[in-house]
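S.K.: curious how this folds, go ahead:
(one chain, ligands or ions: 1)
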Amino acid sequence: MANLSEEIKKRRTFAIISHPDAGKTTLTEKLLLFGGAIHVAGAVKSNKIKKTATSDWMEIEKQRGISVATSVMGFEYEGFKINILDTPGHQDFAEDTFRTLTAVDSVIIVVDSAKGVEQQTRRLMEVCRMRNTPVIIFVNKMDREGRDPFDILDELESELKISVRPLSWPINGGANFKGVYNIYEHNLSLFAADKQRVSDRVDITDINDPVIDEAVGADDAEKLRSDIELIDGVYPEFEEQDYLDALVAPVFFGSALNTFGVKELLDCFIRIAPSPRPVQAVEREVVPTEEKFTGFVFKIHANMDPNHRSCIAFVKVCSGVFHRNQYYHHVRSNKQVRFAAPTAFMAQKKEVIDDVYPGDIVGLPDNGTFKIGDTLTEGELLHFKGLPSFSPEMFKYIENTDPMRTKQLSKGIEQLMDEGVAQLFVNQFNNRKIIGTVGQLQFEVIQYRLLHEYGASCRWEPIHLYKACWIESDDKEALEAFKRRKQQYMALDREGRDVFLADSGYVLDMAQQDFPKLKFHFTSEF
Ligand code: G4P
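M.R.: Model prediction:
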């Protein structure tokens, strides 16, 4: 068997995140092209559910089918094993994305050079910041008329709240785009619009090399020199440790569609991006080089074929080596589990695998054993942290419309909640079930899947709620007093934790003011 620490060192597990349309799919595809994992552009079907109207169910079905294969794309490049974890583009699936971010060691953010930082990027960056995830930024679509690169850098800093350091620099943009100067490696790549081919690289001694003048013309060469001088004056020297500590984000410029600036990004990425990092469990920190296997479930994907209802649980290996056919401890149920056909994800295919190393994702067939956040170990009772439920933004009562199928409905709801599709709260006053989601689409997903997978039909009824927040207090009496006062608005989540259902921002503010001894949490992990 391969040496564990060698295997760990060569792994790079990351996600590419962006606002829809910035170029995430295109960049992913180009990275796979470099890795030799695919051979022509256009081969990757994206996992994006976005441009379609939100209620186009068949389209979503189709895309969900594709997305298992593209959920994790592993490939080899220059001796490194790279795992790209895909995240859904549609914002209604933001929670899926948040959870995927718990399984990566770093992130590449794609920003459209004309649009700058957009809303979803901002939200995803908040999650990265919470987890201190190192990020590299790729400013895409330089072949289009965009903004001034210095303005983009300013916007990145202020909107994403992180210091930036350009490691490549564009020579013009739009129709006049001539190439990028690689500040990290001191070379120049000349732009040629070409979707399949890698651009020409010009070797230069330094920024004053007259070869630059010949390549891009004296005026642009002069502008480049003054830009680089300004950059060196304004931005501190790039320190890898600052990037690893999530204090500084290196920035690259290019055009994913034209495979331009992508190799610069990838070559720098494999050198500086972290290999699997220690993972914090409630009990202790788990280091990847520990001999014993540990891992956690960060995603469960349902099989959409009604004849094979099994799911795939995606497990991130945190330490040791996962072996096929070996018994492991499923901590939540306190049971031994064993898998004869665990799958690895290589580019666009799944294959059965014998040994899986830290940083890699293993797919385990699941018939309802797993729940998001579950831990597998060799016996130790560990619970990995960092898979919070976020306070949902939309709420509806779920009502049974077929009394003969009550049991099926309950089972269906339980399992969909285990998969992390949405959150269930039970109002303690009237005992009604409330489903909370981050987007409208989830309600359709739930209704459709309950009917098709469990034969249970349901109806949604409106409930006017602003936010659900988890409450706790060291002062038992204060907590009880609050619960009495807000009786009608108290619910329990599936773990039996107290949740306050606030129907307006004003009510929530007042509650916080009137009950200073209570803590109000907007994620379930605290
Ligand atoms: P996403 O996954 O982030 O949602 O974005 P995606 O890669 O699908 O890219 C969105 C659109 O932007 C696509 O065009 C894609 O071809 C285009 N694009 C990506 N990178 C670049 C670039 O560097 N320059 C230019 N000019 N365009 C770029 P589309 O017309 O929406 O889709 P398609 O029909 O081309 O797939």
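S.K.: quick one: residues contacting the nearest residue to residue 288 once chain neighbours are set aside.
M.R.: Across the structure, with CB to CB, 6 or more residues apart in numbering as the measure, the residue nearest residue 288 apart from its sequence neighbours is residue 358 (3.8 Å). Bear in mind the C-beta positions are built from the backbone N, C-alpha and C, glycine included. If you count contacts by CB atoms under 8 Å, 6 or more residues apart in numbering, residue 358 has them with 4, 7, 8, 11, 276, 288, 289, 317, 318, 319, 320.
S.K.: of those residues, buried ones?
M.R.: The neighbour-count criterion (16 or more other CB atoms under 10 Å) marks 4, 7, 8, 11, 276, 288, 317, 318, 319, 320 among these as buried.
S.K.: the residue nearest to residue 333 when sequence neighbours are not counted in helix, strand or coil?
M.R.: Of all residues not flanking residue 333 in the chain, residue 369 sits nearest, at 7.2 Å (CB to CB, 6+ apart). Here residue 369 takes the coil state, with states given by DSSP: H, G, I helix; E, B strand; the rest coil.
S.K.: okay, residue 369: pLDDT?
M.R.: The predicted local confidence for residue 369 comes out at a pLDDT of 88.
S.K.: so it sits right up against residue 332, yeah?
M.R.: No: when contacts are counted by CB atoms under 8 Å, residue 369 is not listed as touching residue 332 (9.4 Å).
S.K.: compare those two (neighbour count), which wins?
M.R.: Under the neighbour definition other CB atoms under 10 Å, residue 369 and residue 332 were set side by side, and residue 369 has more, 17 against 14.
S.K.: quick check on the more buried one: phi, psi?
M.R.: Dihedral angles of residue 369 (phi, psi; degrees, to the nearest 10) stand at phi -80, psi -40.
S.K.: from the ligand, how far off is it?
M.R.: Look at residue 369 and the ligand: by CB to the nearest ligand atom, to the nearest Å, they are 33 Å apart.
S.K.: which residues sit in contact with that residue?
M.R.: For residue 369, counting by CB under 8 Å, 6+ apart, the contacting residues are 313, 330, 333, 337.
S.K.: so the last one makes contact with residue 330?
M.R.: Yes: counting by CB under 8 Å, a contact exists between residue 337 and residue 330, whose distance comes to 4.8 Å.
S.K.: what do these two both touch?
M.R.: Common neighbours of residue 337 and residue 330 are listed as 369, 376 (criterion: CB under 8 Å, 6+ apart).
S.K.: neighbour count for these two, which is higher?
M.R.: Counting neighbours by other CB under 10 Å for residue 337 and for residue 330 shows that residue 330 has the greater number, 18 against 15.
S.K.: so that one bridges to which residues?
M.R.: Beta-bridge pairing for residue 330 (DSSP bridges): residue 335, residue 376.
S.K.: pLDDT wise, what is it at?
M.R.: The predicted local confidence for residue 330 comes out at a pLDDT of 97.
S.K.: what residues are up against it?
M.R.: For residue 330, the residues meeting the contact criterion (CB under 8 Å, 6+ apart) are 336, 337, 369, 370, 374, 375, 376.
S.K.: repeat the analysis, applying 7 Å as the threshold.
M.R.: Taking CB atoms under 7 Å, 6 or more residues apart in numbering as the contact definition, residue 330 lies against 337, 369, 374, 376.
S.K.: out of these, which one sits closest to the ligand?
M.R.: The shortest approach to the ligand among the contacts of residue 330 belongs to residue 374, at 30.0 Å (CB to the nearest ligand atom).
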